[in-house]
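Visitor: When you get a sec, could you give me coordinates for this:
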Amino acid sequence: MDNLLVSIIIPTYNNADKIVETLDTVFNQTYDNIEVIVIDDGSTDKTEDVVLSYKVAVHQNKKLIYYKQDNAGAPAARNKGLEMATGTLVKFLDSDDVLYDNDVLNKQVNFLNEGGYDIVYGTEVYYQDNFKEENILRQRGNHIDPNVPKTFWKYVPITSNFLLKKGANPQDYRWNELLKRSQEFYLLFNYFLRNAKFGFIDIKAVKIRIHDSPYRISNKPKQNIIKQIAQSSSFMRDDIARLKPDDTKLKAHFNFGILVHSLYAYKVKDMESYKTFKSLMFKVPASSYSLKQRIILNVSKISPVLGNISNKITVRLARYI
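Guide: Numbers count the residues shown, from 1 in each chain. Model (predicted):
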């Protein structure tokens, strides 16, 4: 079996207090044919000093590459890492997350090779603030069925989870630098649309830290979040129309997700986003939807107010139907 070089790309911004823990889990891996590329997205704290001191301390002058750029956002930092990467395989790891144990990379590489996958991922374990057992919030991960679009929406892995092969055409698989949210979702959605082979390995792959840093995208106001989802949904619609124009099952699931977001936009009185969402829906036969979906769609057509009465139910249903 080929001992393929893995490029591990770690974008960071003002994470001097957390990045050493991240680097430790990388350099403690049993799979050691790696290069680690830290892209500092214009940090103003001591991140640069911390990383360069770590490089000297652990004698990783060749394997650890540090690059600092002007602040341009996480997608731009990841793209810069891709430009610098020389590995056949790529793993992204946020600088406040850690690999679950020392054998994660070895297992993911072997699973990818043996199964002929383009992307492999495991289970994500979420923690509040630090990685103590009592701070576990939830776990997430399962198989994505290429013939069942809802499984992609439900189980698409987070950035720090997946390992992937470099795309044949790198321009097709770059991170969208216009997006402030749902960045990995959109990246992997493009892999999904291009029929990439996703492989779920039943291991705990990564520990995700949930914390109150202002630099976390998920800590933004909800009004901003809904606008960002509208933006990413617009890109997704264009990609579906271009790459899967005849896939009515995919279009129907996309439409139902758009409906859920439009109802929420209406609820928070973001009428601009509400109208944007409504304009994104494809015309598909009613038979493309499940019975429950058809009921919710029809109720919402009568009045978005009625739709919002059952908004919480609708959001829950979007995960399962």
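Visitor: contacts and neighbour counts: CA atoms only from here.
Guide: OK.
Visitor: Quickly list what I210 is bridged to.
Guide: Q128 (DSSP bridges).
Visitor: That one contacts Y126, doesn't it?
Guide: Yes - contact between I210 and Y126 holds when scored by Cα atoms under 8 Å: they sit 6.9 Å apart.
Visitor: in whichever strand or helix holds G81, what counts as buried?
Guide: Using DSSP states H and E, the element containing G81 is helix 74-84. Across helix 74-84, burial judged by 16 or more other Cα atoms under 10 Å covers 74-82.
Visitor: partner strands of the helix or strand following it, parallel or antiparallel?
Guide: Scanning forward in sequence from helix 74-84 by DSSP H and E, the next helix or strand is strand 89-92. When pairs are called by DSSP bridges, strand 89-92 turns out to pair with strand 6-12 (parallel), strand 163-165 (antiparallel).
Visitor: right, so those: which one is the most enclosed?
Guide: Highest mean neighbour count among those (mean count of other Cα atoms under 10 Å): strand 6-12, with a mean of 25.
Visitor: ok, residues contacting that one?
Guide: Residues external to strand 6-12 that are found in contact with it (Cα atoms under 8 Å, 6 or more residues apart in numbering): 19, 33-41, 43, 74, 77-78, 81-82, 85-95.
Visitor: For the residue nearest to G141 when sequence neighbours are not counted, which three-state class applies?
Guide: Computed as Cα to Cα, 6 or more residues apart in numbering, the closest residue to G141 that is not its neighbour in sequence is T123, at 4.4 Å. Under DSSP: H, G, I helix; E, B strand; the rest coil, T123 falls in the strand class.
Visitor: At which residues are the helices of the stretch 201-321 of the chain located?
Guide: Assigned by DSSP state H, counting those that start in this stretch, the stretch 201-321 of the chain shows helices spanning 222-243, 248-267, 271-280, 291-302, 304-309, 311-318.
Visitor: Need the winner for burial among those.
Guide: Using mean count of other Cα under 10 Å, helix 248-267 ranks as the most buried of the helices of the stretch 201-321 of the chain, with a mean of 22.
Visitor: now that helix and helix 222-243, what's the angle there?
Guide: 160 degrees (axes from the mean of the first three to the mean of the last three Cα atoms, to 10 degrees).
Visitor: Tell me where the model's unsure across the stretch 151-300 of the chain.
Guide: 168-172, 213-223 (pLDDT under 70).
Visitor: Walk me through the domains of the chain.
Guide: 6-218, 221-318 (automatic domain parsing).
Visitor: now the shortest one, how far from the chain's geometric center?
Guide: The reference is to domain 221-318. 20 Å (Cα atoms, centre = their mean, to the nearest Å).
Visitor: Find the centremost residue of this protein, please.
Guide: The residue lying closest to the centre of the chain (Cα atoms, centre = their mean) is E184, at 2.8 Å.
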